[in-house]
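> here is a sequence together with a model predicted from it:
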Amino acid sequence: MGLDERKFLILQAIIDDYITTAMPVGSRTISRKAGVGFSPATIRNEMSDLEELGYLAQPHTSAGRVPSYKAYRLYVDKLLKAGQLSGEERQKIAQHMQTRSRQVETVIRRAARVLSDATKYTSVVVAPHIGSLRIRHVQIVPVSSGTAMLIIVTSAGIVKDAVINIPEGLSADHLYGISRMLTERLAGQPIESVRQIFADIIRDMGNERKLLAETMQVIEENIAAVDDRDVYVGGSANLLNYPEYSDVDKAKNFLSVLESRDTLRKVMGEGGDMEITIRIGPENGVPELSDCSVLTASYRMGDQSTGTLGIIGPTRMDYSRVVTVLGFMGRAISQLLSDNK
């Protein structure tokens, strides 16, 4: 038994209603919807067939039906139609995203907040993978007689800074000269090459060896190492507003996932092209998200793939809305990062 046009129509009507109400859907409710045109008895028969095929489930004997993961997958693959944001919505998002910060952290932190506000779900934005980053500029600025501020700018606009110790007798002009030399030697080089380049530089230096060794350590610890600041979450509590998460244990399990940056990176996956990826329920591979859907897209800086942005919501989420917002945000962030380049 397959899905004919009538079953498709009824299934889509059930999913659309359940997304809106979170209540099991009965045949009489569907029969009243515009464009359906079937009697409650006919719809009941079709709903029984859909349940037998695994597209619907009946929580209680006397209740209506709810869509299964299989139904949502069919809905996304065959029935989903991307919507359009209104001019007012596009303008509002663009205004919230406007920033001239050279720090990608600032851009993506704001993006996470805007995404969650626009969708009413939980958003996750992952910073660029370090393998794609290159050093752009190094600056050592004296702070006191024994310390200086090390400032590192990468090709993605990420700015990292740290206080380092400097040997006595190094003037501001001397530090400027070292900064210029480091920039010339490191500019355009991938992060993975930093250690070997520094080894070559240190071999040719004298009194500055200790300073250079500490500089290399700071670069490795603050840029090459992945840390919690590379994953930004917006609207952590948004899902708690949905009836599916009124259960305390389910809510705790979801919040525990948000606390694990490693798990979030796994869920978001690697940044790829700009196409939307949709994983439903068990497809996420994380038991705590078995009742959630995760939608992801990539943002870019020029031709370089830089990171991932995504939405986590209940499986009955408004997929059309989320796909539309993610697509718009991916383009907006990419444009913003290209302008900051």
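Yep, it's here.

> and Ala251, how far from Gly146?
Relative to Gly146, Ala251 is positioned 50 Å away (C-beta to C-beta, to the nearest Å). Yep, even glycine has a C-beta here, placed from its N, CA and C like the rest.

> same question, Gly188
32 Å.

> go on, Leu240?
Counting by C-beta to C-beta, the separation of Leu240 from Gly146 is 49 Å.

> more neighbours: which of those two?
Shown here are Leu240 and Gly146; by other C-beta atoms under 10 Å, Leu240 has more neighbours (15 against 12).

> number of residues surrounding the nearest residue to the more buried one once chain neighbours are set aside?
In space, and not counting its chain neighbours, Leu240 is closest to Ala251: 5.6 Å by C-beta to C-beta, 6 or more residues apart in numbering. By the criterion of other C-beta under 10 Å, Ala251 has 15 neighbours.

> list the buried residues of the helix or strand where Ala251 lies.
For Ala251, the host element (DSSP states H and E) is helix 248-259. For helix 248-259, the neighbour count (16 or more other C-beta atoms under 10 Å) marks 250, 253-255, 257-258 as buried.

> next structured bit after the one helix or strand Arg180 maps to?
If you go by DSSP H and E, Arg180 is part of helix 172-186. Next helix or strand after helix 172-186 toward the C-terminus (DSSP H and E): helix 194-203.

> could you pull out the buried residues of stretch 278-293?
278-281, 284, 286, 288-293.

> for that stretch, the averaged confidence score.
Per-region confidence: stretch 278-293 scores 93 on mean pLDDT.

> could you do stretch 15-25 as well?
Summarised as a single mean, pLDDT over stretch 15-25 is 93.

> contacting residues around it?
Applying C-beta atoms under 8 Å, 6 or more residues apart in numbering, the contact partners of stretch 15-25 are 14, 29-30, 33, 58-60, 63-67, 71-72, 75, 79, 242-244, 316-318.

> can you tell me which of those residues are in strands?
66-67 (DSSP state E).

> quick check on the contacts of stretch 15-25: which are buried?
The buried subset of those (16+ other C-beta under 10 Å) comprises 14, 29-30, 33, 64-67, 71-72, 75, 79, 244, 316-318.

> where's the dip in pLDDT among these?
Leu79 (77).

> which residues does that one contact?
8, 11-12, 15.

> can you select the buried ones among those for me in PyMOL?
The buried residues among the contacts of Leu79 can be selected in PyMOL (16+ other C-beta under 10 Å) with this line:
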select buried, resi 11+12+15
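
> okay if I get the contacts of Leu79 as TSV plus distance to Thr106?
TSV is the format used below for these (distance: C-beta to C-beta, whole Å):
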residue	distance to Thr106
Phe8	46
Leu11	44
Gln12	41
Ile15	38
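
> in helices only, show me the contacts of Leu79.
Secondary structure assignment by DSSP state H places 8, 11-12, 15 of the contacts of Leu79 in helices.

> show me where the stretch 1-150 of the chain has strands.
56-57, 66-67, 122-126, 135-142, 147-154 (DSSP state E, counting those that start in this stretch).

> distance from the chain centre to the last one, please.
Same thing as strand 147-154. Here strand 147-154 is found 28 Å from its chain centre; the criterion is C-alpha atoms, centre = their mean, to the nearest Å.

> okay, now the sheet partners of that strand, with direction.
Here strand 147-154 has these sheet partners by DSSP bridges: strand 135-142 (antiparallel), strand 159-165 (antiparallel).

> tell me the most buried of the strands of the stretch 1-150 of the chain?
strand 122-126 (a mean of 27; mean count of other C-beta atoms under 10 Å).

> that one vs helix 248-259, what angle?
20 degrees (axes from the mean of the first three to the mean of the last three C-alpha atoms, to 10 degrees).

> okay, now Arg209: neighbour count?
Using other C-beta under 10 Å, Arg209 has 14 neighbouring residues.
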